[in-house]
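Engineer: build me a model from this:
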Amino acid sequence: MSRLIPLAVSLTLSACAQDVSPGPVDLGPPTFAQLYAEVFEPSCASAACHSGAVGSANLTFDTLDGAYAQLVDAPPTNGPALAAGFSRVAPGDPETSLLLRKLRASSDALTLSGFGARMPLASAQVLAETTLEQVEAWIVAGAPKDGPAGGLDVQWVPAPDSGNYVACDASDEAGLRACLPAESPDALIKRIITPPLVLEPGSEQIMCSFLEVTEDTLLVRKANGMQMDGGHHVGLFVSVVHREVGESVPCDDIDMSSLRFVIGAGGAGGVDTRLKDGLALRVRKGEQLVVQSHYINVAPTSRTVMDAIDLELTTLDDAPVIADSFALIDSAFSVPAGAEGYTRVKECTIDRDIELHMLLGHTHDYGVLFELEVVKQGQPPVLQYHATDGPSLRDNPEVQSYQEPIVLAAGDVLRMTCSWDNPTEDALEWPEEMCVTFMYYTPGDGWMTCDSDDATPQVAGATGAGCQSQGAEGNSLGVGTYCTADGDQCAENGEATFCLAAFSDENNYCSVILCESDAECGEGASCVADGPGSACILDACGD
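Structural biologist: Residues are numbered from 1 along each chain as shown. Coordinates of the predicted model:
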């Protein structure tokens, strides 16, 4: 995704442009060399945006020749734009040039079409329409790289959606909280607030803040995110591994397989998410809420910010259709050292009638292709998701939400394709790399997965006779304490804060998940791996 000019640079360019007389430009269209020198190079090639060997969205502006080659007649990494026939720059055709669309369209319009956010990203200023007309003229003229200089008058204006930001000059927690809008008195509006987040100068940061453990099951129908200057997006997850409440860490420092996506909350760079009437997302009692905050600080100094999300809750009477999580997983791969374009295909045959309301793809840094196809019986495959930028799929994947859901019947197939380049000297395996589709499905019947060895989806959280008797106590670490999938018996249970009944009716006790050794499990329990995950299992309950 393109990210253009820091505010400080934009103000400098605006100041320089004051000596240029306004009026019609009769010098012909500019060249890319002019655009590069006056707009792209001084702004796009920042550490937080398009710089280095790869750059954000596999686009770098470090050199004129390299930037031109990656823009003109180049396919975008954005899946919906690629599917719609866009190029980054299509010579002679501004209508299918994603660069111009990203510079001109509003963030709301871009987000609704799946094209990301308006550029410049996280900036209070955008290019004026007169300058955009000159960029368009360059494209119409065939997007020339160099040649006789044309007319280029760089002007900047306030971003029309800059009001999405919460204005705040405070740096302490009390002051930051005071900047947020007043909370709604409505009992069905639940506000979640992050601790203060410190942004390093000239950086792009994605922080995960671990907040409260839910005391009751929440039915969510809408999320409204609030961010401060430099915000790009904010989203809500739940964690199956509890951390200290109020802890904020870089999302790269945690195993993202321990988080489950709940809902996008828009924030400064996107639109709020609202489910259609009658549908609600379920956050179960005892799950820990996690807010993901994406910021770009183009300033040369550090800043302190704070995010908030207002969740609009609903009831079973108003939203009788419950959506639950569905993860299509390929965890059994091993990408050989030095491999290029190593590809895996995972198919899962749906064994019931369901509807999909949201999906997103997920790989890590070495991913070069992610696709999800729906194969209905007797029909050709339909491509639902396409991406080629592994780092974006890790940190900021496109979230596709559907007002009209994808309808699947028993016997239909989901086909997931992942490809990787491995420049390292070691094989890449889970969880260093990943290949996952996260979805929400209805009617919700529990946490559903389809892993490498599964031909059909497996639903966790069924009820039945378990290994532990009601009221059973765990070991010194809490492993083995009796629990139920919808209870909160594990919320304050030492190290064992996750109830395995969410996965297995047999193992109805609290456990430590994503363990690495038996020492983490305490007496009478062992660390057992199962596909992409692991958990402490009581020796008396077997595996």
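Engineer: three-state assignment of residue 211?
Structural biologist: Put simply, residue 211 is strand when judged by DSSP: H, G, I helix; E, B strand; the rest coil.
Engineer: which residues are in contact with the residue nearest to it when sequence neighbours are not counted?
Structural biologist: Using Cβ to Cβ, 6 or more residues apart in numbering and skipping residues adjacent in sequence, the residue nearest residue 211 is residue 289, 4.6 Å away. Bear in mind the C-beta positions are built from the backbone N, C-alpha and C, glycine included. Residue 289 makes contact with 192, 210, 211, 212, 213, 214, 236, 237, 238, 283, according to Cβ atoms under 8 Å, 6 or more residues apart in numbering.
Engineer: how far away is the residue sitting nearest the centre point of the chain from residue 293?
Structural biologist: By Cα atoms, centre = their mean, the chain has its centre lying nearest to residue 396, at 3.5 Å. Computed as Cβ to Cβ, to the nearest Å, the residue 396 to residue 293 distance reads 11 Å.
Engineer: which neighbours do those two share?
Structural biologist: residue 206.
Engineer: please enumerate the strands of the stretch 301-450 of the chain.
Structural biologist: Here the stretch 301-450 of the chain has its strands, by DSSP state E, counting those that start in this stretch, at 303-305, 308-313, 321-329, 342-349, 354-362, 367-375, 382-387, 400-408, 413-420, 436-442, 448-450.
Engineer: swap in the stretch 1-150 of the chain?
Structural biologist: 125-127.
Engineer: just to revisit the earlier point, beta partners of the nearest residue to the residue nearest to the centre of the chain once chain neighbours are set aside?
Structural biologist: With sequence-adjacent residues excluded and distances taken as Cβ to Cβ, 6+ apart, residue 396 is closest to residue 294, at 6.1 Å. When bridges are called by DSSP bridges, residue 294 pairs up with residue 206, residue 233.
Engineer: so what pLDDT did residue 294 get?
Structural biologist: On pLDDT, residue 294 comes in at 87.
Engineer: list the contacts of it.
Structural biologist: Contact analysis of residue 294 by Cβ under 8 Å, 6+ apart lists 204, 205, 206, 231, 232, 233, 234, 267, 269, 395, 396.
Engineer: quick one, phi/psi of the fourth one?
Structural biologist: As for residue 231, its main-chain torsions (degrees, to the nearest 10) stand at phi -70, psi 150.
Engineer: surely it meets residue 165?
Structural biologist: Yes. Using Cβ atoms under 8 Å, residue 231 is in contact with residue 165, at 6.6 Å.
Engineer: quick one, which of those two is more surrounded?
Structural biologist: Neighbour tally, residue 231 and residue 165, criterion other Cβ atoms under 10 Å: the higher count belongs to residue 231, 26 against 20.
Engineer: mind listing what residue 396 touches?
Structural biologist: Contacts of residue 396 by Cβ under 8 Å, 6+ apart are 1, 206, 232, 233, 294.
Engineer: wait, I meant residue 311
Structural biologist: By Cβ under 8 Å, 6+ apart, the neighbours of residue 311 are 189, 190, 191, 192, 218, 220, 222, 223, 236.
Engineer: ok, the first one - how many residues close by?
Structural biologist: It refers to residue 189. Neighbours of residue 189 (other Cβ under 10 Å): 14.
Engineer: and it, how far is that from residue 220?
Structural biologist: Applying Cβ to Cβ to residue 189 and residue 220 gives a distance of 11 Å.
Engineer: the residue nearest to residue 41 when sequence neighbours are not counted: neighbour count?
Structural biologist: Once flanking residues are discounted, residue 41 sits nearest to residue 61: 5.9 Å by Cβ to Cβ, 6+ apart. Counted with other Cβ under 10 Å, residues neighbouring residue 61 total 26.
Engineer: what about residue 61, distance to residue 183?
Structural biologist: Distance from residue 61 to residue 183, by Cβ to Cβ: 42 Å.
Engineer: what residues are up against residue 176?
Structural biologist: 168, 170, 196, 228, 304, 305, 306.
Engineer: on the pLDDT front, check the third one for me.
Structural biologist: Residue 196 is assigned 97 on the pLDDT scale.
Engineer: same thing with the fifth one?
Structural biologist: You'll see residue 304 listed with a pLDDT of 96.
Engineer: number of nearby residues for the residue nearest to it when sequence neighbours are not counted?
Structural biologist: By the measure of Cβ to Cβ, 6+ apart, the closest residue to residue 304 outside its immediate chain neighbours is residue 171, 4.2 Å from it. Using other Cβ under 10 Å, residue 171 has 14 other residues around it.
Engineer: isn't there a helix covering residue 171?
Structural biologist: No. Using three-state DSSP, the assignment for residue 171 is coil, not a helix.
Engineer: now it: phi and psi?
Structural biologist: phi -130, psi -10.
Engineer: all numbers from here: first residue = 40
Structural biologist: That works, and once the first residue is 40, the last one we named lands at residue 210.
Engineer: contact partners for residue 517?
Structural biologist: Neighbours of residue 517 in contact, by Cβ under 8 Å, 6+ apart: 529, 532, 533, 534, 535, 536, 549, 561.
Engineer: residue 223 now?
Structural biologist: 230, 349.
Engineer: just the one 5 residues further on next, same as before
Structural biologist: Applying Cβ under 8 Å, 6+ apart to residue 228 gives the contacts 222, 349, 350, 351, 352.
Engineer: likewise for residue 120?
Structural biologist: 137, 140, 153, 154.
Engineer: could you single out the nearest of the residues you listed to residue 364?
Structural biologist: The closest of the contacts of residue 120 to residue 364 turns out to be residue 153 (Cβ to Cβ; 21.3 Å).
Engineer: I'd assumed residue 115 was in contact with that closest one.
Structural biologist: No. If you go by Cβ under 8 Å, residue 153 and residue 115 don't touch, sitting 11.2 Å apart.
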